[in-house]
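*Asks:* structure for this input, please:
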Amino acid sequence: MSDATTHDTHEHHDHGPDRGLMRWITTTNHKDIGTLYLIFAFVMLFVGGAMSLVIRAELFQPGLQFVNPDFYNQMVTMHALIMVFGMIMPAFVGFANWMIPMMIGAPDMALPRLNNWSFWILPFAGVLLLSTLFMDGGGPASGWTLYPPLVLQTGDALPFAIFAVHLLGVSSIMGSINIIVTILNMRAPGMTLLKMPMFVWTWLITAYLLIAVMPVLAGGVTMLLTDAFFGTSFFQAAGGGDPVLFQHIFWFFGHPEVYIIILPAFGIISQIIPTFSRKKLFGYESMVFATGSIAFLSFIVWAHHMFTVGMPLAGQLFFMMSTMLIAVPTGVKVFNWTSTMWKGSLSFETPMLFALGFLFLFTIGGFSGLMLAIAPADFQYHDSYFVVAHFHYVLVPGALYGAIAGAYYWLPKWTGYMYDETLGKWHFWLSTIFVNLTFFPQHFVGLAGMPRRIPDYAVQFTDFNAMSSIGSFGFGFSQLLMVYIVIKCVRGGKKATDQVWDGADGLEWTVPSPAPYHTFDDAPVVK
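*Replies:* As a prediction, this is how the structure comes out:
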């Protein structure tokens, strides 16, 4: 385990007292950069979470209590952008940085300096995005989808928000290039593609998705920029443009994006369930092909977000059928995870609890997604709280649980110490009770007709909204427990052994991990 905790001191680069800080700024070591990504994502979880608490405080009762409608809409927009681009994606890139080189037996990432750069763009992009809230007229108040003509009324903050989105995209693309080059070029001898751990596979596929769709988003927001400031009319009907064109561009990025968010979580769950079942993953190759199928299908379903724009019947049918098709490979994955546990020697440590929570609750999100795929039904669900319930079941007990499970699973490897198992279980049960209290009632208010993105609502929705708000505060404060658990673990405690989870084959634990490299000067030369 010492390999995960040893840090090179640069005997020949002693910069005096600031060496500790300079190490983190100039590091090219995949473990350091992975740690930076994870810390950044953790901070953004609480920034974005605070915004959601503003939203839920306002919705606790009907009427306007705390914030004005403009600021409310800015909170809705910023909460989504921060959570997607600032929290969940950087968290999974952090896991990729830490684990992929060790899982494939590589000394580091293939492009260490690019790795450093792709991280350091993030904090600046995040601060730039948040700074729009303090500009004249406030930040964008259009929802994370940035639909025109609404977003074009943002004012001074619009170019800054768009530039921040560009920077976040650049960071993602560079991270993805690095991951692909590392996996394809730096595997240990004998590790063929179909011997790679599932986490490596899911990230390989995710990285291709990112490279394919981030430029599409960049093109779309640049067209918004020229519409707002350079007199073009891509999306302005008065000049011959079409606002629905933006929706096509956005969702051609946006639907693969939701799989970019969930596939790495699938990979983590595919590592954890076999370990705590003491069995090999059931149907490994079918899992690889299912992941590839999901990625392919994600490109041809985008307009299911747009059933209400007036598309022709043939279009509705195509997008309805192709969306339902995604349920097949996803069902294969759920079946395989369940089969892995069947007759296994199960134990329920914290990572396994979060993995099981993921399995049950993500599947609920999948079923409500199937309901939304049905075009005639979607006319009723569209832009209602039912949609909010659906995607939060995919993103919170789905992607976020995947990230939390991975953090508990690999903390002993990263730190050399065991975390507090009792507190970890408390964290799981509190999170799970509150996450369901938050999002399950939203199905009901949505089906009863409550629209999304509103600061006020009709009085008949009060009870379910009060439940949702209490749940969200409970869930938010439960996450502070994890901060305590992680800090306590990093500072020391019971030593972890090299077979800490007593797994079936302990694959992640047996690949040796070489001493870290840190600065540009002593980065590894990849021949």
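*Asks:* show me where the chain has strands.
*Replies:* Along the chain, no segments are classed as strands by DSSP state E.
*Asks:* so for it, the centremost residue is which one?
*Replies:* Of all residues in the chain, the one closest to the mean position by CA atoms, centre = their mean is I88, 2.8 Å from it.
*Asks:* what residues are up against it?
*Replies:* With contact set as CB atoms under 8 Å, 6 or more residues apart in numbering, I88 has these partners: A41, I261, L395, A399, L400, A403. No exception for glycine: its C-beta is placed from N, CA and C like everyone else's.
*Asks:* what about the spatially closest residue to the first one that is not a sequence neighbour, neighbour count?
*Replies:* Taking CB to CB, 6 or more residues apart in numbering as the measure, A41 lies nearest to A91, with 3.7 Å between them; neighbours along the chain are not counted. By the measure other CB atoms under 10 Å, the count of residues near A91 is 27.
*Asks:* I'd say A91 and A403 touch.
*Replies:* Yes. Taking contacts as CB atoms under 8 Å, A91 lies within contact range of A403: 4.7 Å.
*Asks:* residues shared between the contacts of these two?
*Replies:* Among the neighbours of A91, those also in contact with A403 (CB under 8 Å, 6+ apart) are A41.
*Asks:* tell me where the stretch 51-200 of the chain has helices.
*Replies:* 69-81, 89-104, 112-131, 158-185, 198-229 (DSSP state H, counting those that start in this stretch).
*Asks:* do you know which of these lies nearest M467?
*Replies:* Of all the helices of the stretch 51-200 of the chain, helix 69-81 sits nearest to M467, with 19.6 Å by CB to CB.
*Asks:* packing partners for the closest one?
*Replies:* Using 3 or more CB pairs under 8 Å, 6 or more residues apart in numbering; DSSP states H and E as the contact criterion, the elements in contact with helix 69-81 are helix 30-59, helix 112-131.
*Asks:* quick one: it to chain centroid distance?
*Replies:* 19 Å (CA atoms, centre = their mean, to the nearest Å).
*Asks:* buried residues, that helix. List them.
*Replies:* F71, Y72, N73, Q74, M75, V76, T77, M78, H79, A80, L81 (16 or more other CB atoms under 10 Å).
*Asks:* need the max-distance pair from the contacts of I88.
*Replies:* Between any two of the contacts of I88 (CB to CB), the greatest distance is 13.8 Å, for A41 and L395.
*Asks:* what's the nearest residue to Q61 if we skip its chain neighbours?
*Replies:* T462 is the one closest to Q61 (CB to CB, 6+ apart), at 6.4 Å.
*Asks:* what about L447, neighbour count?
*Replies:* If we define neighbours as other CB under 10 Å, then L447 has 15 of them.
*Asks:* mind listing what it touches?
*Replies:* Y381, S384, F386.
*Asks:* what of A50?
*Replies:* G476.
*Asks:* show me what contacts the nearest residue to G241 once chain neighbours are set aside?
*Replies:* Of all residues not flanking G241 in the chain, S233 sits nearest, at 4.0 Å (CB to CB, 6+ apart). By CB under 8 Å, 6+ apart, S233 lies in contact with D227, G239, G240, G241.
*Asks:* tell me the one of the buried residues of helix 69-81 nearest Y408?
*Replies:* H79 (25.2 Å).
*Asks:* so P256 makes contact with S298?
*Replies:* Yes. The pair P256 / S298 is scored as a contact, 4.4 Å apart, by CB under 8 Å.
*Asks:* overlap in contacts, those two.
*Replies:* Joint contacts of P256 and S298 (CB under 8 Å, 6+ apart) are L209.
*Asks:* pull the contacting residues for the nearest residue to I294 once chain neighbours are set aside.
*Replies:* For I294, ignoring the flanking residues on the chain, the nearest one in space by CB to CB, 6+ apart is P329 at 4.9 Å. Going by CB under 8 Å, 6+ apart, P329 touches F289, A290, T291, S293, I294, L297.
*Asks:* equivalent analysis for A161, please.
*Replies:* So A161 contacts L129, T132, G139, P140, T154 (CB under 8 Å, 6+ apart).
*Asks:* max-length helix in the protein?
*Replies:* helix 243-277 (DSSP state H).
*Asks:* tell me the mean pLDDT for it?
*Replies:* Mean pLDDT, helix 243-277: 97.
*Asks:* that helix vs helix 89-104, what angle?
*Replies:* For helix 243-277 against helix 89-104, the angle by axes from the mean of the first three to the mean of the last three CA atoms, to 10 degrees is 40 degrees.
*Asks:* make residue 1 into 216 and carry on from there
*Replies:* Happy to do that; since the first residue is 216 now, the last one works out to helix 458-492.
*Asks:* name the residues of helix 458-492 that are buried.
*Replies:* Residues of helix 458-492 classed as buried by neighbour count (16+ other CB under 10 Å): 458-459, 461-492.
*Asks:* that helix: how far from the chain's middle?
*Replies:* 8 Å.
*Asks:* now do stretch 620-634
*Replies:* 20 Å.
*Asks:* please apply the same query to stretch 373-392.
*Replies:* With CA atoms, centre = their mean, you get 15 Å for stretch 373-392.
*Asks:* buried sites along that stretch?
*Replies:* 373, 375-392.
*Asks:* now do M526: how many residues are near it, please.
*Replies:* 17.
*Asks:* touching, it and A518? I think so.
*Replies:* Yes. Counting by CB under 8 Å, M526 touches A518, with 6.4 Å between them.
*Asks:* quickly list what's touching both of these two.
*Replies:* Common neighbours of M526 and A518 (CB under 8 Å, 6+ apart) are F534.
*Asks:* okay, the helices and strands packed on helix 284-296 in a markdown table with distance to W716 next?
*Replies:* Formatted as a markdown table, the helices and strands packed on helix 284-296 follow (distance: least, CB to CB, whole Å):
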| stretch | distance to W716 |
| --- | --- |
| helix 245-274 | 20 |
| helix 327-346 | 28 |
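*Asks:* so which of these is nearest G661?
*Replies:* Among the helices and strands packed on helix 284-296, helix 245-274 sits nearest to G661 (CB to CB), with 13.2 Å.
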